[in-house]
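> Curious how this folds, go ahead:
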Amino acid sequence: MEMSQVPGVVQQVYQRVLSRDPDPQGMIWYGSRLSRDEMKVKDVVRDVGFSQEYMDRFVNNVSPQEAVRNAYWHFLARDPDPEGQEGYERISRVHGFRAVISGLLDSQEYNQKFGTDRVPN
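Prediction:
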């Protein structure tokens, strides 16, 4: 990734996943890793999604149904279909919410739409 693209990409990830601008530490941390090719955009999306802030804001204080809807919106940029909603609620109960995020990010849909270097939009 070109250095000139990195700040915009980090900004997009934070807006998509956390609905806010990145703090300076996040911009530096993820920006340096992207520019050195130590992380792909998908890795940053996963890392931000696994953050305590994400869990506190979009998972822990809402219903399981809403948490899955949030995850679909943040990671696939769409609302869930009924089968996905039910399946990921079940995965959340059995394996925890990180498994939901990983399932969405590792899905064929995510890989086809966004690959490793595009922010979900």
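
> rest of the way, CA atoms for contacts and neighbours
Will do.

> any low-confidence regions in this structure?
Along the chain, segments meeting pLDDT under 70 span 1, 3.

> For the protein, just list every one of the strands.
Counting by DSSP state E, the chain has no strands to list.

> hey, where'd the helices end up in it?
For the chain, applying DSSP state H gives helices covering 6-18, 24-35, 41-49, 52-58, 64-76, 82-95, 97-105, 108-113.

> Of these, give the one that comes closest to residue 120.
helix 64-76 (6.0 Å; Cα to Cα).

> Run through who's touching that closest one.
Outside helix 64-76, the residues that touch it by Cα atoms under 8 Å, 6 or more residues apart in numbering are 16-17, 45, 58-60, 78-80, 85, 88-89, 92, 100-101, 104-105, 109-110, 120-121.

> which of these are buried?
16-17, 45, 58-59, 80, 85, 88-89, 92, 100-101, 104-105, 110, 120 (16 or more other Cα atoms under 10 Å).

> and which of those is nearest to residue 38?
Looking across those and measuring by Cα to Cα, the closest to residue 38 is residue 45, at 13.8 Å.

> check contacts around that closest one.
Neighbouring residues of residue 45 by Cα under 8 Å, 6+ apart: 13, 17, 75, 119.

> and what of residue 92?
Applying Cα under 8 Å, 6+ apart to residue 92 gives the contacts 64, 98-100.

> Span of stretch 93-113 from start to end?
End-to-end distance of stretch 93-113 (Cα to Cα, to the nearest Å): 27 Å.

> How far off centre is it?
How far stretch 93-113 lies from its chain's middle: 9 Å, per Cα atoms, centre = their mean, to the nearest Å.

> Could you do stretch 58-68 as well?
Chain-centre distance of stretch 58-68: 15 Å, with Cα atoms, centre = their mean.

> tell me which residues in it are buried?
The neighbour-count criterion (16+ other Cα under 10 Å) identifies 58-59, 64, 67-68 as the buried residues of stretch 58-68.

> what's the answer for stretch 25-43, then?
Quick answer for stretch 25-43 (16+ other Cα under 10 Å): 27, 30-35, 39-43.
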